[in-house]
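make a model of this:
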Amino acid sequence: MRHGKNLWRGATRMSSVILSSRCWKDQAEPLISPRLHPARKPPVPSDSSEQGQPGRSAKAFGLSDADDLGESPDRPAKSRSRMTLVALLIVLAAAIGLLTLSRWKDAQLSTERANSGLRHPAVGEPLPELHLEPLVGTETTVELADVKGQVVLINYWGTWCPPCRVEFPHIVELSERFGDREDFRFLSVSCIARLGGDTSRLQSDTAAYLEHQNVDFPVYSDIQGISRWALLQAGRSDSFAFPTTVVLDRQGVIQGVWVGYASGYEQGMGNLVDRLLDASAEPAASESAGAK
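Numbers count the residues shown, from 1 in each chain. Predicted coordinates for the structure are as follows:
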């Protein structure tokens, strides 16, 4: 009897353990579900046509990859074209700037050269003496007294002198420019490298050069160097260079001296002669009006 009761109690306890074990298992299953287990990540939807590409594909919405990025397919080409255009504009602007600056500097340099003859030490001094002998196309000697009352341009040059030959056409233009003025005198003085020398050789070389240049005006000589020495005295100098061009006013005062030749010298010479002729013409006009 007692043995039967014990058997019943054992069976009851075993069934309780089994039921309680099943309940724990049913409750614990959600804790180990694959959807919430930390060792597994939730699946990411992907395009069926492009496996391995995360996220939604732009093609799913009818867009291209370029549209998905907010760019048109030809935008990089347009950007390069704009950059090229900007670079060309910058280069063009720089070139124009350099050209303008270069021209401005050339103009400044030309002006400085033109005015260089006005800063010679002899400017403002009276020419002490002038004595020129006839050489080609004239038989007349010229003294300082012969040119008083005239604006005078004296050009010392030589056929053997390269800078003289470069300057020569410009001097010819000046002589023609003012040649019709009675109050203007142009004196061309052909020289040899050293004082003295053979006058006949100088004459033949000068005549041949004038013929070659198709120029016809009287040319003088300063064989003894009297006129050149007088100019050196006025400028307190001891050396003479070729070519040298001198401009005298009506009173025989030196107003400009250009030694050597550089582009722009002829402009300064012409401007000075113009100014002296205009200045001397005003008093003459006033005297004529007073006499009437």
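
who's in contact with L130?
The contact partners of L130, by CB atoms under 8 Å, 6 or more residues apart in numbering, come to V142, E143, L144, V147, I154, S227, A230. In this view, the C-beta of every residue, glycine as well, is placed from N, C-alpha and C.

quick one: it from S204, how far?
Distance, L130 to S204, using CB to CB, to the nearest Å: 25 Å.

one more: Y265?
Y265 is 29 Å from S204, by CB to CB.

try P243
Plainly put, P243 is 20 Å away from S204 if you go by CB to CB.

okay, the two: which has more neighbours?
P243 (23 against 12; other CB atoms under 10 Å).

can you pull the phi/psi pair for that one?
phi -80, psi 160 (degrees, to the nearest 10).

pretty sure it contacts W160?
No. Using CB atoms under 8 Å, P243 is not in contact with W160; the gap is 11.6 Å.

related to what we said a few turns ago, F184: which of the contacts of L130 is nearest?
Comparing the contacts of L130 against F184 with CB to CB places V147 closest, at 10.0 Å.

inside strands: which ones of the contacts of L130?
Counted as lying in strands by DSSP state E, out of the contacts of L130, are V142, E143, I154.

now pLDDT, neighbour count and distance to S81 too, for the residues you listed, in CSV please.
Output for the ones in strands among the contacts of L130, formatted as CSV (pLDDT from 0 to 100; neighbours: other CB atoms under 10 Å; distance: CB to CB, whole Å):
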residue, pLDDT, neighbour count, distance to S81
V142, 98, 21, 74
E143, 98, 11, 78
I154, 98, 25, 66
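
can you put those residues in a markdown table and add distance to G256?
Formatted as a markdown table, the ones in strands among the contacts of L130 follow (distance: CB to CB, whole Å):
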| residue | distance to G256 |
| --- | --- |
| V142 | 19 |
| E143 | 21 |
| I154 | 11 |
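
surely G158 meets C191?
Yes. The pair G158 / C191 is scored as a contact, 5.0 Å apart, by CB under 8 Å.

ok, these two, which is more surrounded?
Set G158 next to C191 and count neighbours by other CB under 10 Å: C191 wins out with 28 against 20.

tell me how far that one lies from V247.
18 Å.

again with V215
20 Å.

compare those two (neighbour count), which wins?
Neighbour count, other CB under 10 Å: between V215 and V247, V247 has more, with 24 against 17.

how about the nearest residue to that one, chain neighbours excluded?
The spatial neighbour of V247 that comes closest, neighbours along the chain excluded (CB to CB, 6 or more residues apart in numbering), is G256 at 4.1 Å.

next SSE after the helix or strand where S188 lies?
Assigned by DSSP states H and E, S188 belongs to strand 184-190. Per DSSP H and E, the first helix or strand lying C-terminal to strand 184-190 is helix 199-212.

so that following helix versus strand 184-190, what angle?
Inter-element angle recorded for helix 199-212 and strand 184-190: 120 degrees (by axes from the mean of the first three to the mean of the last three CA atoms, to 10 degrees).

nothing else from me, thank you.
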